[in-house]
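Asks: mind looking at a prediction? Sequence and model below.
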Amino acid sequence: MDGARAAPLVLLAAGGTGGHLFPAEALAQALASRGVTVDLATDHRAEHYGRTFPARQIHVIASETVRGRDPVALARTAGKLGIGMVQALRLLGRLKPSVVVGFGGYPTLPPVLAATLKGIATVVHEQNAVMGRANRLLAWRVAAIATSFAGVLDREPVLAAKATRTGNPVRPAVIAAAAMPYVAPDAMLRLVVFGGSQGARIMADIVPSAIERLEPHLQMRLAIAQQARDEDLARVRESYARAKVAAEVVPFFADLPARIAAGHLVVARSGASTVAELAAIGRPAILVPLPHALDQDQSVNAGVLEQAGAAKRLRQDDFTPARLAAEISALASAPQKLVAMAAAARAQGVLDAAERLADLVMKTIERKDQR
């Protein structure tokens, strides 16, 4: 066996936000444990979320997300993606990876498409319960498709034939947090609030106002951990202070998985990583899908947990202080309902998703080598 086969190089392509980087990070660690060298191709946003990414090298590739139908914006996006294609072709020519693995989003288009043009083995991973547009564009060209949820491609048998459900890889911190059993709330009810890796103003607008509407006896039981954007910190803290509610409000929790595990109820958006982590750790949630997503992926993600009995899904238009206060009050008065929701969430979790995806990547390399 030659040196290249003994130590293959895998190039991961992921957009520079937590939702794409977290599963890529989990796969990188699973591959590294097998002696595989990992590089990352990403966009400029990874300067914030990708600083600690476990890769030999991080390569920034020009990219742009398609937004709307404005001709000028579309032309600019096409130009950026074209530049990214040139950069990706040069990068692949230099690195000669054994396989390129894409994690969705338009930033993955140049590296994965360039790999298919060069005859390099390719895999795409779809984190959401509905396939995103970038992955859909690539799905017909790649060698293998990994999905987080069952049934994503049931209506497309040609694509389903090369699809494997691996689950959505979660970070080691999530796996560690999953070891903490859920305990029904008694004297204290711990509420964890966040809006995804980009933050969410809606959580700052609605949750504190809902908490102020609760009965005083319930306010006294609450301990809140909430992520809020810098510009929202002061008003969120002031609202909780008025209600005399114990609250820690910060821009970012580096230990979010542990916070989720310590919580009794989570209020959050329903991005793929959030849903995967809630399921892996096994915690009940009130989920508010991002309303403007082109494919309504967050709504479908939340629907999976809601159908399983693990979460309550609220449309953003229904996510009012009065409605949220009513939902929190109802759940706080039914601790066994929370226990059942936690168990239902855990039943949806896939703790070994990173290893499953690593298995698929290695099989794809083997199949390519055998040709």
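Replies: Arrived safely.

Asks: same for the helix or strand hosting L305, what does it pack against?
Replies: Per DSSP states H and E, L305 falls inside helix 297-307. With contacts taken as 3 or more CB pairs under 8 Å, 6 or more residues apart in numbering; DSSP states H and E, helix 297-307 sits against helix 272-281, strand 285-287, strand 311-313. Yep, even glycine has a C-beta here, placed from its N, CA and C like the rest.

Asks: go again with 10 Å.
Replies: With contacts taken as 3 or more CB pairs under 10 Å, 6 or more residues apart in numbering; DSSP states H and E, helix 297-307 sits against helix 272-281, strand 285-287, strand 311-313, helix 335-347.

Asks: what separation do you get for the most centrally placed residue in the chain and P181?
Replies: Closest to where the C-alpha atoms of the chain average out (CA atoms, centre = their mean) is S273, at 2.2 Å. Remark: distance between S273 and P181 (CB to CB, to the nearest Å) = 22 Å.

Asks: so where's the chain uncertain?
Replies: Along the chain, segments meeting pLDDT under 70 span 1-6, 47-51, 64-69, 72-74, 77, 196-199, 294, 371.

Asks: returning to that earlier point: buried residues, the helix holding L305. List them.
Replies: For helix 297-307, the neighbour count (16 or more other CB atoms under 10 Å) marks 297-306 as buried.

Asks: who are the contact partners of A177?
Replies: Listed by CB atoms under 10 Å, 6 or more residues apart in numbering, the contact partners of A177 are 170-171, 255-262, 277, 280-283.

Asks: ok, now G309?
Replies: G309 neighbours (CB under 10 Å, 6+ apart): 284, 337, 340-341, 343-345, 347-348.

Asks: save those as JSON lines, and put in distance to F22 too.
Replies: Listed next are those as JSON lines, based on distance: CB to CB, whole Å:
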{"residue": "P284", "distance to F22": "21"}
{"residue": "K337", "distance to F22": "29"}
{"residue": "A340", "distance to F22": "28"}
{"residue": "M341", "distance to F22": "23"}
{"residue": "A343", "distance to F22": "24"}
{"residue": "A344", "distance to F22": "23"}
{"residue": "A345", "distance to F22": "18"}
{"residue": "A347", "distance to F22": "22"}
{"residue": "Q348", "distance to F22": "17"}
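
Asks: which member of those residues is positioned nearest A121?
Replies: Q348 (30.3 Å; CB to CB).

Asks: that closest one contacts L278, correct?
Replies: Yes. In terms of CB atoms under 10 Å, Q348 counts as a neighbour of L278; the distance is 8.6 Å.

Asks: got any residues that touch both of these two?
Replies: Common contacts of Q348 and L278 (CB under 10 Å, 6+ apart): 305, 310-311.

Asks: just the CA coordinates of the helix holding L305, formatted as PDB?
Replies: What follows is helix 297-307, C-alpha atoms only, in PDB (Å, rounded to 0.1, in the frame of the first residue of the first chain):
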ATOM      1  CA  ASP A 297     -36.000  23.600   6.500                       C
ATOM      2  CA  GLN A 298     -36.200  24.800  10.100                       C
ATOM      3  CA  SER A 299     -40.000  24.200  10.200                       C
ATOM      4  CA  VAL A 300     -39.600  20.700   8.900                       C
ATOM      5  CA  ASN A 301     -36.700  20.000  11.400                       C
ATOM      6  CA  ALA A 302     -38.900  21.100  14.300                       C
ATOM      7  CA  GLY A 303     -41.800  19.100  12.900                       C
ATOM      8  CA  VAL A 304     -39.800  15.900  13.300                       C
ATOM      9  CA  LEU A 305     -39.300  16.500  17.000                       C
ATOM     10  CA  GLU A 306     -42.900  17.700  17.400                       C
ATOM     11  CA  GLN A 307     -44.300  14.600  15.800                       C
END
